[in-house]
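J.: Fold the following and give me the result.
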Amino acid sequence: MNKNTLIGSVLIAAIMIWWFSMTSANNEAAEKAKLAKQAAAKEAAAQVADSAESPSASGLVLPGATAEIKAAPVLGAATDKSGDSSSVILSEGQSPESKDLAQQDSAAVEAPKVIAPRTVTVETDKFIMTLSNKGGKVQSVIVKALPDSANHFPELIQDTALGALDLNLGGADLSEVMFNVDAPEWINVENDTTVQFVFTDANGNQLVRSYGFTKAGVAVRQVNKFKGFRVDKYELSWKGGMRETEEFPKGKSFGGTSYFFSEVIFKNNEITERETFNDAMTFDNANYYWVGMRRKYVAMSVQFDSPVPAQVKAKHINLATEGNPDPGTYSLSIADAVRGDSVAYNFMVLPLEWSEVESLGQGYEKIIVTGSKWFPGSSVWFVWICAMLLKLLKFFYSIIPNYGVAIILVTFIVRGITTPFTIKQLKSTSAMSKLKPQLDEINVKYRSDPQKKQAAIMELYAKNGVNPLASCTGGCLPMIIQMPIFMGLFFVLGRAVELRGMPAFLWITDLSRSDVIFHGFSIPFLMPDGLALLPWIMVVTTYFQTKVTMSGNGAMDPAQAKMMTWMMPAMMFLFSAVMPSGLVLYWIVSNFWSIIQYKIIRRDNGNTPKTVNGKKVVDAEIVK
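T.: Residues are numbered from 1 along each chain as shown. Down below sits the predicted model:
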């Protein structure tokens, strides 16, 4: 082997050794790289698990709301500033490939089972309620007590996409979470029935939302049971509002919507309250028995087992559009602390039929009629008057099944009670009017001496047997007695669901609405829906009733009496044009009673204008 061959062989051996050593190093580097990738993937998965908390008794893992591969946010856990605690974070020195692998491993471990949207509709004797597994909430409530003219039952939830009773636990919103439900799509309740919606998180914790139904009950028992975790607070959200069941009057009118209601209602500290507002409102901290919303003839509420110091908020939702004077509805939220391992309450569906809601013993009848803060105790005695008037109406209806006749009979009873006081007042007023010439003479003669004038007036009253206070006690007392009764009838006839759709006679087909007889003619702002007949009868009877009353009061200035004779009918027409026809009917019958009563009293109260208490008028000595 020559020198060149030897050198070549050495170089080839060196190259081969170097090649094999480099290949081995590359293999080791590749193995290390592979191990590094696996370690990085495990580290990323651990970071995700740490951000989601390990299974414990204090956290519920919610699935991501988007299609991205994300870890679930944790109930009650801190999130990053972006608000997304579920994204996989690339640590320092970690390659994009490692991040991809971590995302794949995380997706393989935590990919939730896809739950298809489902609804369960439950029908009872009182309502038809649809529940959605999206949030496990109430989607629709159709009440059976208020059919329309086509005999269709009305929907009570204004926006069924938003629904009611969404749940937020410790700041985590479950309104978008899909729950498992095994119930059939439609259930006719014959016996007590419970529908359960179950959400199980990645850690095995469970939230069970159950709804319990009875065949004939107005309450749905809603229980939220926490299994494997705890929370400190919850919030119920009623985002879908409440829809009016009745048809609104067409066009703008003076007071046309005053007989329709959209209110937030609640009972706190033993007082039933009704609130109407046009923005947002946070209510006083108090112990709440129930909280809900009300429309004209129906209410829905969340009723607690015992008073709770909840925080109640509401926001007005404006629904008014051109030609639709709907006063709008509200979104409602109720927040409170969690006591124990569940939150339970009754969801009430309440057509406002007085005897039924009163029997619940929760003050719901005061949704229909509430006393005034200006009159102490009116929440008791005035509500009692309204209840008695309604019971009287229903009593007469049970004898003669016509609420128009019942209203007339109740009018006779009300006016009969006040007639003795009215007679006393009229006789006193008539006697004083016959003394007017002598009173005028005294006023002129002693205009500069008030003491002698007062002495002469009192002597004149005494000699003619006239009690000047009788005109006050006799006049004010009947008004004091009759006004609460009239106001009670005003509220009862305008709000009682018993009168809804009830005919009276002839053209009066619905005592709860104006008696429109011709839709082809209307009066803007007064009768926009068409021509009604009862308000015109009201105007005529009010004119004659006022004229008879003024003519019997000789002490009143003639110009003032003439003004009142025309002003009262005009005012009553303005008010009665959109009143429920049952209320206008009461007023008309009351006017006829007054006219006949005044005619009889004036006829029997002496035949000559100079006779007082059957004797001729005697002048006071001081005047002579």
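J.: Assumed Asp182 was part of a strand.
T.: No. Secondary structure of Asp182 (DSSP: H, G, I helix; E, B strand; the rest coil): coil, not part of a strand.
J.: What strand or helix carries the residue nearest to it when sequence neighbours are not counted?
T.: Spatially, and ignoring its direct neighbours in sequence, Asp182 is nearest to Gln196 (7.6 Å; Cβ to Cβ, 6 or more residues apart in numbering). From N, CA and C alone the C-beta is placed, and that goes for glycine too. Using DSSP states H and E, Gln196 falls within strand 193-200.
J.: name the helices or strands packed onto the following helix or strand past that strand?
T.: Toward the C-terminus, strand 193-200 is succeeded by strand 206-213 as the next helix or strand (DSSP H and E). Contacts defined by 3 or more Cβ pairs under 8 Å, 6 or more residues apart in numbering; DSSP states H and E place strand 206-213 against strand 127-132, strand 193-200, strand 219-227.
J.: winner for burial among these?
T.: Mean neighbour count (mean count of other Cβ atoms under 10 Å) peaks for strand 127-132 among those, with a mean of 22.
J.: Just checking: what are the partner strands of that one?
T.: strand 119-123 (antiparallel), strand 137-143 (antiparallel) (DSSP bridges).
J.: so where do the helices sit in the stretch 301-450 of the chain?
T.: Under the criterion DSSP state H, counting those that start in this stretch, the stretch 301-450 of the chain carries helices at the ranges 354-358, 365-368, 378-399, 403-434, 436-445, 450-463.
J.: thinking again about what came up before, the residue nearest to Asp182 pairs with what?
T.: Gln196 forms beta bridges with Ser210, as assigned by DSSP bridges.
J.: Check it and give its pLDDT.
T.: Here, the pLDDT recorded for Gln196 equals 97.
J.: Next: the one 4 residues further on.
T.: What the model reports for Thr200 is a pLDDT of 90.
J.: Which one of the strands paired with strand 127-132 lies nearest to Leu533?
T.: strand 137-143 (32.2 Å; Cβ to Cβ).
J.: How about residues contacting the closest one?
T.: Strand 137-143 has contacts (Cβ atoms under 8 Å, 6 or more residues apart in numbering) with 119, 121, 126-132, 153-157, 160, 163-167, 175, 245, 298, 300, 347, 349, 351.
J.: And for stretch 583-591?
T.: For stretch 583-591, using Cβ under 8 Å, 6+ apart, the contacting residues are 404, 407-408, 410-412, 414-415, 489-490, 493-494, 504, 508, 511, 515, 534-535, 537-538, 541-542, 544-545, 572, 576.
J.: In contact with Gly136, which residues?
T.: 167, 174, 177, 179, 181, 197, 199, 209 are the contacts of Gly136 under Cβ under 8 Å, 6+ apart.
J.: The fourth one - nearest residue in space that isn't next to it in sequence?
T.: Translated: Phe179. Leaving aside its chain neighbours, Phe179 sits nearest to Phe197 (3.7 Å; criterion: Cβ to Cβ, 6+ apart).
J.: Likewise for the last one?
T.: Excluding the flanking residues, the one nearest Arg209 by Cβ to Cβ, 6+ apart is Gly136, at 3.8 Å.
J.: Repeat that for the second one.
T.: Of all residues not flanking Leu174 in the chain, Leu167 sits nearest, at 5.0 Å (Cβ to Cβ, 6+ apart).
J.: Surely that neighbour forms part of a helix?
T.: No. Under three-state DSSP, Leu167 sits outside any helix and is assigned strand.
J.: so what's it up against?
T.: 135-137, 174-175, 209, 224, 234-237.
J.: would CSV of these with pLDDT be doable?
T.: Listed next are these as CSV, based on pLDDT from 0 to 100:
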residue, pLDDT
Gly135, 94
Gly136, 95
Lys137, 96
Leu174, 93
Ser175, 92
Arg209, 97
Asn224, 96
Tyr234, 95
Glu235, 95
Leu236, 96
Ser237, 96
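J.: Tell me the buried residues within the residues you listed.
T.: Buried members of these, counted by 16 or more other Cβ atoms under 10 Å: 135-137, 174-175, 209, 224, 234-237.
J.: Return the closest of those residues with respect to Gly363.
T.: For these, the nearest to Gly363 is Leu236 (20.8 Å; Cβ to Cβ).
J.: wait, isn't the closest one in contact with Ile334?
T.: Yes. Contact status for Leu236 versus Ile334: in contact at 4.6 Å, counting by Cβ atoms under 8 Å.
J.: Need the residues touching each of these two.
T.: Val302.
J.: and the gap between the residue nearest to Phe179 and Ala456?
T.: With distances taken as Cβ to Cβ, to the nearest Å, Phe197 is found 87 Å from Ala456.
J.: Ok, Glu247 next?
T.: For Glu247 relative to Ala456 (Cβ to Cβ), the value is 65 Å.
J.: what about those two, which has more around it?
T.: Ala456 (23 against 11; other Cβ atoms under 10 Å).
J.: so that one sits right up against Tyr446, yeah?
T.: Yes. Counting by Cβ under 8 Å, Ala456 touches Tyr446, with 6.2 Å between them.
J.: residue ranges with poor pLDDT in the stretch 301-450 of the chain?
T.: The stretch 301-450 of the chain contains residues with pLDDT under 70 at 322-323, 425-433.
J.: Next, the angle from the helix or strand containing Trp587 to helix 378-399.
T.: Remark: Trp587 resides in helix 581-604, with elements defined by DSSP H and E. Between helix 581-604 and helix 378-399, the angle comes out at 90 degrees (axes from the mean of the first three to the mean of the last three Cα atoms, to 10 degrees).
J.: buried set for helix 581-604?
T.: Result for helix 581-604 [16+ other Cβ under 10 Å]: buried residues 581-595, 597-598, 601.
J.: What of stretch 291-309?
T.: 291-304, 308.
J.: Then stretch 356-376?
T.: Under 16+ other Cβ under 10 Å, the buried positions of stretch 356-376 are 356-358, 360, 362-371.
J.: Kindly export it (C-alpha atoms) in CSV.
T.: The C-alpha trace of stretch 356-376 is given here as CSV (Å, rounded to 0.1, in the frame of the first residue of the first chain):
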residue,chain,number,x,y,z
GLU,A,356,-108.8,32.3,42.8
VAL,A,357,-105.8,34.6,43.5
GLU,A,358,-107.1,35.6,46.9
SER,A,359,-107.3,31.9,47.9
LEU,A,360,-103.6,31.6,47.5
GLY,A,361,-103.1,33.8,50.5
GLN,A,362,-100.2,35.8,49.0
GLY,A,363,-101.8,39.2,48.4
TYR,A,364,-102.2,38.6,44.7
GLU,A,365,-105.7,40.2,44.7
LYS,A,366,-104.0,43.5,45.4
ILE,A,367,-102.5,43.3,42.0
ILE,A,368,-106.0,44.0,40.7
VAL,A,369,-106.8,46.8,43.2
THR,A,370,-104.3,48.5,45.5
GLY,A,371,-105.0,51.1,48.2
SER,A,372,-103.6,54.6,48.0
LYS,A,373,-100.7,55.8,50.1
TRP,A,374,-102.7,59.0,50.7
PHE,A,375,-105.4,57.2,52.6
PRO,A,376,-104.2,55.3,55.7
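J.: what's in contact with it?
T.: With Cβ under 8 Å, 6+ apart as the criterion, stretch 356-376 contacts 218, 265, 267, 270, 272-274, 289-290, 294, 299, 301, 303, 348, 350, 352, 354, 377-383, 386-387, 488, 491-492, 495-496.
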